[in-house]
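**Student:** quick one: sequence and predicted model below, then my questions.
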Amino acid sequence: MPRGSSPKRERQYEHIKESALDRGESAERAKEIAARTVNKERARSGESRTASRTSTQDMSSGRRGGQRSGKGSQGPTYDQLYEEAKRRNIRGRSDMNKSELRRALGNK
């Protein structure tokens with residue numbers, strides 16, 4: 001986190017980092033995701049000295065994340081299904097395609 005960032009942004013950074021770790025991201029990747037997200041939110045709200053046009057004009061991180069969460073018409077992504085199968089220790093998961101993973105997990 002940049003020096004002088006607000007307590008709110010510090011909490012936001014920690015929350016995003018913990019969420020990424022819970023999803024199975026590496027510690028380095030979780031830190032990167034959290035830092036980029038918080039920096040973008042700081043730019044959107046005018047808290048940073050410089051901001052790219054995409055940072056200020058793009059939709060908010062919270063809204064974008066909700067749109068890409070695997071709840072659309074296609075359901076969870078292959079990677080999301082695979083990680084869930086891995087967490088449940090389903091045998092043969094590496095040879096399965098998306099529909100087979102969905103069936104093995106009991107998803108429709």
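**Tutor:** Cool, the structure landed. None of these values were measured; they are calculated from a predicted model.

**Student:** what about Gly106, how many neighbours?
**Tutor:** Gly106 has 7 neighbours, counted by other Cβ atoms under 10 Å. Every C-beta, even on glycine, is put in place using the N, C-alpha and C of the backbone.

**Student:** now for it: which residues touch it?
**Tutor:** With contact set as Cβ atoms under 8 Å, 6 or more residues apart in numbering, Gly106 has no partners.

**Student:** ramachandran angles for it?
**Tutor:** phi 80, psi 20 (degrees, to the nearest 10).

**Student:** how near is it to Arg88?
**Tutor:** Using Cβ to Cβ, to the nearest Å, Gly106 is found at 10 Å from Arg88.

**Student:** show me which positions of the strand or helix carrying Val38 end up buried.
**Tutor:** In this assignment (DSSP states H and E), Val38 forms part of helix 27-44. Buried residues in helix 27-44, counting neighbours by 16 or more other Cβ atoms under 10 Å, are found at Ala30, Lys31, Ile33, Ala34, Thr37, Val38, Asn39, Lys40, Glu41, Arg42, Ala43, Arg44.

**Student:** tell me what that helix is packed against?
**Tutor:** For helix 27-44, the packing partners by 3 or more Cβ pairs under 8 Å, 6 or more residues apart in numbering; DSSP states H and E come out as helix 7-22, helix 53-57, helix 61-67.
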